[in-house]
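Participant: could you look at this predicted model? Sequence included:
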Amino acid sequence: MKKSRWEDVREWFRVVVWKPLREKDWRQAGRQSRKKVEKLTSRGWRRDKWMLVMGSVICVVLVLFGVVLLLQDGEDKKAVKAAEEERQRQSQEEALKPEEPEEPVDEEANAVPEAVDPRAEAFSVQPGNVPGTFEAGEEKVVYLTFDDGPSRNTERVLEILDRYQVKATFFITAQWPEYKSMIKEAYDRGHTIGLHTYSHDYSVLYSSVDAYFQDLWAVGELVKEQIGYVPCFIRFPGGASNTISANYSQGIMTQLVSLVQEQGFQYYDWNASSGDGGVCTTEELIQNSTSYTQNKIMLLCHDSGAKDNTVEALPAIIEHFQSLGYTFKAIDRESYVVHHGVNN
């Protein structure tokens, strides 16, 4: 009898699946499986136990740190709030406080006093106050005077004067404006600055009284720019005794010698000359200059770019008079005055 398909399947299940399952010792297999599970469980627990402990510790630390941060943040907020309240309180008090008038600042009291130059007041031109004396006295003095500068030779002259500790007087012009800074340089070294002429053009300055004074005040302003005032010491170009002025204006010198003193100026001629107004060798200049023996010597020299021989002769001239007991002085308000006779 032919079997059906269902019977074939059931027979396969019985032979292949069911029979082997019934023949197996399930108790023994269970015991072996249980031992494996216990062994694995025991070893895994020891490893996991330490991981659990470390994780717990970390969690506790994080929680504590968070608590500390929360507390600190709370304290900071309290401090900020307290500071803000204090600031508002102070602002309110300032707003209610009456304004006090500001005390005036005494700028003059706080200002640093400027250094006072005693020569500025003493040597400035002052109408009605004419300087000088005509009494020679017994003291032996040489007044070295240099006309026509400043020039390229002025620095050389100043170096020699410094070397011998000698003071002199410079009657200046505006002929070489590139050297005008030497006016202040000479003044700062203790020498006296006097006025000679602005243009040094006889035909211009002696053309009239007005022309002369225009020239005189022009050179006075030039000096004022350098030393701060117009000095009262002047020297006429050619001296008060010059006759060249007669070619341009008859009798002008007679008028000028009085008018300059009325305005507070004093004019200084000379009673000794180096001769460097002409052409002289260095030896001739020395001989000319050292031939004078009076107690008060007003020595005429020139300071210009052409007067190299004057510069070279200067040390010997100074040494000669120092050896004879003379003192070299710059002109001041008490100095001896030399006037020439007026010829025009």
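Facilitator: Nice, I can see it. The structure displayed is predicted, hence computed values, not measured ones.

Participant: drop to CA atoms for contacts and neighbour counts, all remaining ones
Facilitator: OK.

Participant: contact partners for Ala253?
Facilitator: I think there's a mix-up here, since residue 253 is Met and not Ala. If a contact means C-alpha atoms under 8 Å, 6 or more residues apart in numbering, then Met253 has 240-241, 245, 342-344 as its contacts.

Participant: repeat that for Cys280.
Facilitator: Contact analysis of Cys280 by C-alpha under 8 Å, 6+ apart lists Asn309.

Participant: how is it assigned, secondary-structure-wise?
Facilitator: Assigned state for Cys280: coil (three-state reduction, DSSP: H, G, I helix; E, B strand; the rest coil).

Participant: any idea how far it lies from Cys59?
Facilitator: When C-alpha to C-alpha, to the nearest Å is the yardstick, Cys280 and Cys59 sit 114 Å from each other.

Participant: could you do Leu161 as well?
Facilitator: In this structure, Leu161 and Cys59 are 96 Å apart, going by C-alpha to C-alpha.

Participant: which of the two has more residues huddled nearby?
Facilitator: Taking neighbours as other C-alpha atoms under 10 Å, Leu161 and Cys59 compare with Leu161 leading, 19 against 12.

Participant: right, and the more buried one touches Glu155 too?
Facilitator: No: taking contact to mean C-alpha atoms under 8 Å, the distance of 9.9 Å between Leu161 and Glu155 leaves them out of contact.

Participant: burial measure for Trp6, as a count.
Facilitator: Trp6 sits with 9 neighbouring residues when counted by other C-alpha under 10 Å.

Participant: how many residues are close by the residue nearest to Val223 when sequence neighbours are not counted?
Facilitator: Leaving aside its sequence neighbours, Val223 sits nearest to Val230 (C-alpha to C-alpha, 6 or more residues apart in numbering; 6.4 Å). Burial of Val230 is recorded as 23 neighbouring residues (other C-alpha under 10 Å).

Participant: you'd agree Val230 is up against Ala218?
Facilitator: No: with contact defined as C-alpha under 8 Å, Val230 does not reach Ala218; the gap is 10.1 Å.

Participant: for stretch 254-271, list every residue counted as buried.
Facilitator: 256-257, 260-261, 264-271 (16 or more other C-alpha atoms under 10 Å).

Participant: filter the residues you listed down to the ones in helices?
Facilitator: The members of the buried residues of stretch 254-271 that map onto helices under DSSP state H are 256-257, 260-261.

Participant: work out for me the element Phe171 sits within.
Facilitator: Element membership for Phe171 (DSSP states H and E) is strand 169-172.

Participant: returning to what we had before: could you dump the contacts of Met253 to JSON lines with neighbour count?
Facilitator: Written out in JSON lines, the entries for the contacts of Met253 read as follows (neighbours: other C-alpha atoms under 10 Å):
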{"residue": "Ala240", "neighbour count": "23"}
{"residue": "Ser241", "neighbour count": "18"}
{"residue": "Ser245", "neighbour count": "24"}
{"residue": "Val342", "neighbour count": "16"}
{"residue": "Asn343", "neighbour count": "15"}
{"residue": "Asn344", "neighbour count": "18"}
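
Participant: got these as CSV, with secondary structure and pLDDT columns?
Facilitator: Compiled in CSV, these are given as follows (DSSP: H, G, I helix; E, B strand; the rest coil; pLDDT from 0 to 100):
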residue, secondary structure, pLDDT
Ala240, coil, 98
Ser241, coil, 98
Ser245, helix, 98
Val342, coil, 98
Asn343, coil, 97
Asn344, coil, 96
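
Participant: tabulate those (a markdown table), appending distance to Tyr336.
Facilitator: Written out in a markdown table, the entries for the contacts of Met253 read as follows (distance: C-alpha to C-alpha, whole Å):
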| residue | distance to Tyr336 |
| --- | --- |
| Ala240 | 16 |
| Ser241 | 18 |
| Ser245 | 26 |
| Val342 | 19 |
| Asn343 | 22 |
| Asn344 | 24 |
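
Participant: farthest pair in those?
Facilitator: Greatest spacing in the contacts of Met253, by C-alpha to C-alpha: Ser245 and Val342 (11.1 Å).

Participant: hey, where'd the strands end up in this protein?
Facilitator: When secondary structure is read from DSSP state E, the chain shows strands at 141-147, 169-172, 192-195, 233-234, 266-267, 272-273, 296-302, 327-328.

Participant: could you pull out the buried residues of stretch 288-299?
Facilitator: Taking 16+ other C-alpha under 10 Å as the basis for neighbour counts, the residues of stretch 288-299 that come out buried are 288-290, 292, 296-299.

Participant: farthest-apart pair in the residues you listed, please.
Facilitator: Comparing every pair within the buried residues of stretch 288-299 by C-alpha to C-alpha identifies Asn288 and Lys296 as the most remote, at 16.2 Å.
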